[in-house]
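Visitor: sequence and predicted structure below; questions after.
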Amino acid sequence: MDSDDMKFRIVYDGPALDTHEMDVRDLAPALLSLSDALEEAGRTIYGKEKRISVKVNASFKAGSFGVDLIAQSVSLSKQIIGAFSGDNASAACNIISLVGFGFIASKQSYKGLIQLIKWLGPKKINRIEPTLDGRSKIFIDDESEVFDTQVVDLYKNKKIRRSLENVIAKPLERDGIDSFAVTIDNGKNFVEVGKAEASFFKVDCSEDTIISQSTTEKALQPLDISFREGHKWQFSDGGSPFQAEVCDEKFLKAIDDQSVAFAKGDLLLVDLKVTQYLAEKGIKTSYEVVNVKKIINPQRQIDLPF
């Protein structure tokens with residue numbers, strides 16, 4: 001086995017820590033969650049190829065609120081994976097950068113998970129689109145930013161997000177603890193989260209987050225139709241049946257007015273909006289028919305009168 005190490009330091013600061021002492025009931029869960037976050041990030045990016053572990057450096061002393069740590073990547077082979085920064089970067093270095101703890105030399109302007117969460121703040125993601133260079137463009141309200149797709153993968157992982165909540169948000173809830181910071185260059189540069197930003201790292205288990213949204217033209221076969229408010233239609237696109245909300249008011253009114261009709265076996269050519277959400281138990285998908293363009297039959301084709 002081959003291993004690569006990446007040293008870093010986490011620091012909690014505030015009036016309650018003026019004596020350089022921190023309650024072990026605050027520190028221990030934070031360190032365990034930090035280990036969980038980096039291990040899960042390693043599994044998300046590398047699968048079984050690399051295993052990330054976190055160890056306390058020998059320089060750690062009891063009673064200190066600044067803790068020196070080592071992220072270690074272990075591989076079954078001697079090949080070092082340079083997933084986002086080239087062959088000279090270890091998996092541990094990659095994960096540290098992807099999580100947002102610091103920047104390696106070739107990625108000085110790199111934005112990791114912490115930077116993504118801070119940029120989002122209390123807002124929700126509207127949609128995510130791929131860029132031509134293989135990254136992801138994230139939209140919130142009238143703003144957009146481009147992040148590495150692997151950073152978005154980490155953001156989608158609620159286990160990582162909950163671990164970061166325990167590392168950052170929960171300790172900063174304590175009176176007298178005002179900031180969390182991390183450095184990979186022995187204190188020359190810090191990535192810092194202040195108390196005002198701590199709530200951004202809390203994971204809202206009751207609210208789903210939009211992670212993908214697209215609208216495409218599709219031919220759908222209606223299988224089950226319902227005109228009751230709030231009820232969805234069942235369709236098939238040639239694969240598995242699915243339910244979708246029909247939001248095209250002109251089409252629904254045309255049916256009510258009997259100015260258009262369709263029979264069993266007819267197809268609808270529609271604009272289908274597909275939205276993916278990050279839910280508590282994984283990804284869920286919703287479908288909306290936003291525009292019905294045509295009714296299609298093997299024997300005939302009808303253009304809609306609107």
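Guide: Great, that's in hand.

Visitor: which residues of the stretch 151-300 of the chain score low on pLDDT?
Guide: For the stretch 151-300 of the chain, applying pLDDT under 70 flags the ranges 205-208, 229-230, 280-281, 298-300.

Visitor: mind listing the helices for it?
Guide: Remark: helices assigned in the stretch 151-300 of the chain by DSSP state H, counting those that start in this stretch are 158-164, 170-172, 249-256.

Visitor: mean neighbour count for those helices - can I get that in CSV?
Guide: The C-beta positions use only the backbone N, C-alpha and C, and glycine is treated the same way. Formatted as CSV, these follow (neighbours: other Cβ atoms under 10 Å):
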stretch, mean neighbour count
helix 158-164, 21
helix 170-172, 20
helix 249-256, 13
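
Visitor: could those go into a markdown table alongside distance to Ile125?
Guide: Converted to a markdown table, the helices of the stretch 151-300 of the chain look like this (distance: least, Cβ to Cβ, whole Å):
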| stretch | distance to Ile125 |
| --- | --- |
| helix 158-164 | 13 |
| helix 170-172 | 23 |
| helix 249-256 | 27 |
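
Visitor: of those helices, which is nearest Phe190?
Guide: helix 170-172 (15.2 Å; Cβ to Cβ).

Visitor: output the contacting helices and strands for that closest one.
Guide: Here helix 170-172 touches helix 24-46, strand 179-183, going by 3 or more Cβ pairs under 8 Å, 6 or more residues apart in numbering; DSSP states H and E.

Visitor: partners of the last one in the sheet?
Guide: Using DSSP bridges, strand 179-183 pairs in its sheet with strand 2-13 (antiparallel), strand 191-194 (antiparallel).

Visitor: buried residues in the shortest one, which are they?
Guide: Applying a neighbour-count criterion of 16 or more other Cβ atoms under 10 Å, one finds Val191, Val193 buried in strand 191-194.

Visitor: same check on the first one?
Guide: Within strand 2-13, the residues that qualify as buried by neighbour count (16+ other Cβ under 10 Å) are Asp4, Met6, Lys7, Phe8, Arg9, Ile10, Val11, Tyr12, Asp13.

Visitor: what's the spacing between Ala261 and Lys232?
Guide: 20 Å (Cβ to Cβ, to the nearest Å).

Visitor: more neighbours, those two?
Guide: Set Ala261 next to Lys232 and count neighbours by other Cβ atoms under 10 Å: Lys232 wins out with 18 against 10.

Visitor: which residues sit in contact with the more buried one?
Guide: Residues in contact with Lys232, defined by Cβ atoms under 8 Å, 6 or more residues apart in numbering, are Ser226, Gln243, Ala244, Glu245, Val246.

Visitor: and those, which are buried?
Guide: By neighbour count, with 16+ other Cβ under 10 Å, the contacts of Lys232 hold Ala244, Val246 as buried.

Visitor: now the contacts of Lys232 as a markdown table including distance to Leu278?
Guide: Formatted as a markdown table, these follow (distance: Cβ to Cβ, whole Å):
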| residue | distance to Leu278 |
| --- | --- |
| Ser226 | 28 |
| Gln243 | 20 |
| Ala244 | 20 |
| Glu245 | 20 |
| Val246 | 25 |
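
Visitor: biggest separation within the contacts of Lys232, which pair?
Guide: The span of the contacts of Lys232, defined through Cβ to Cβ, is set by Ser226 and Ala244 at 11.2 Å.

Visitor: need the overlap of contacts for these two.
Guide: By Cβ under 8 Å, 6+ apart, the residues touching both Ser226 and Ala244 are Lys232, Trp233.
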